[in-house]
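*Asks:* Build the 3D model from these lines:
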Amino acid sequence: MAGPILVFDSGVGGLSVVAALRRRLPDVALAYACDNAMLPYGVREDDWLVARILTVCRAAVAASGCSGLVVACNTASTLALEALRESLAVPVVGTVPAIKPAAGLSDSRHIGLLATSATVARPYTLRLIQDFARDCRVTRLAADPLVGEAERLVLGETPELERIRRVLAPLEALADLDTLVLGCTHFPLLRDQLVEAAPRPLRWVDSGDAIARRTGQVVVGPQRRPAPEVGWVTAPSPALARGLAGFGFVDSRRLVLA
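*Replies:* Numbering: from 1, shown residues only. Okay, the predicted model is just below:
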């Protein structure tokens with residue numbers, strides 16, 4: 001029997017992609033791996049990150065026996081996607097901010113990119129804007145505190161709405177901005193809180209469904225196994241195990257790195 005599709009992120013953000021995969025591919029077995037011992041990735045040096053991502057993903061692919069890997073992390077995708085494809089024998093699907101679909105949806109031609117400070121500044125992101133939103137004004141907004149708030153939510157704590165409001169406060173002065181890209185996989189987990197905290201109604205766009213659709217095209221064969229689906233973590237904790245269980249990963253295990 002073919003192995004599961006493995007979803008990888010630095011923390012719990014990839015669980016938003018898990019939710020999209022379960023909607024689009026309900027019969028497919030999934031596994032999850034996160035390098036929570038080194039969260040957040042965005043503050044670390046690029047060369048170190050590439051080596052770390054390769055180490056963690058190789059270990060997780062071997063441990064899970066997966067049939068394909070979804071890199072549900074913008075930082076990891078922009079830095080290490082090609083290295084992962086060269087290093088692994090399974091198909092690898094990456095993540096990019098949903099700038100192209102957002103540009104297609106915007107009526108005002110003013111869109112926002114809500115992402116980590118590392119993602120908003122990367123040349124890769126600037127190329128996406130140049131390629132797919134050339135006719136739009138694109139406001140890039142660093143929103144690093146939202147990563148921690150999404151982690152809090154999945155670990156069973158209550159996100160701080162005032163902190164989320166402060167992150168979104170610059171939007172109040174941008175009256176014609178009508179569409180906002182959630183450019184970190186952590187952020188869709190906070191969609192209800194973001195809607196409540198936003199200064200006005202907006203279109204919210206993320207890449208989860210596009211990732212799930214692409215995964216269905218390139219990863220063929222996995223079916224749901226009768227055994228529990230596994231979440232692999234680099235720093236086990238009871239709270240994280242409970243959070244993973246809420247997304248179907250009732251068996252949480254430590255990932256042993258070579």
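*Asks:* counting contacts, what elements does the strand or helix carrying L141 pack onto?
*Replies:* Element membership of L141, judged by DSSP states H and E, is strand 137-142. The criterion is 3 or more CB pairs under 8 Å, 6 or more residues apart in numbering; DSSP states H and E, and the helices and strands that strand 137-142 contacts are strand 110-115, helix 117-121. C-beta: built from backbone N, CA, C; applies to glycine.
*Asks:* who's in contact with stretch 191-201?
*Replies:* 149, 153, 159, 161, 164-165, 167-169, 171-172, 180, 182, 187, 204 (CB atoms under 8 Å, 6 or more residues apart in numbering).
*Asks:* excluding its backbone neighbours, what's nearest L190?
*Replies:* A150 (5.3 Å; CB to CB, 6 or more residues apart in numbering).
*Asks:* The one you found: what's it in contact with?
*Replies:* With contact set as CB under 8 Å, 6+ apart, A150 has these partners: G11, V12, G13, P159, H186, F187, L189, L190.
*Asks:* Can you tell me which of those end up in helices?
*Replies:* Taking DSSP state H, every one of the contacts of A150 sits outside helices.
*Asks:* which one of these has the most neighbours?
*Replies:* Counting neighbours by other CB atoms under 10 Å, H186 leads the contacts of A150 with 31 neighbours.
*Asks:* give the contact list for it.
*Replies:* If you count contacts by CB under 8 Å, 6+ apart, then H186 has G11, V12, G13, S16, L146, V147, A150, E151 around it.
*Asks:* Backbone torsions only: list them for the third one.
*Replies:* Yep, that's G13 we're talking about. phi -60, psi -30 (degrees, to the nearest 10).
*Asks:* That one against V71, yeah?
*Replies:* No: here G13 does not reach V71: they are 11.4 Å apart, not a contact under CB atoms under 8 Å.
*Asks:* So for these two, which residues contact both of them?
*Replies:* When contacts are counted by CB under 8 Å, 6+ apart, the set common to G13 and V71 is empty.
*Asks:* ok, L141 touching P170?
*Replies:* Yes: with contacts counted by CB under 8 Å, L141 reaches P170, the gap being 6.1 Å.
*Asks:* Of those two, give the one with the bigger neighbour count.
*Replies:* L141 (20 against 13).
*Asks:* I appreciate the help and will end here.
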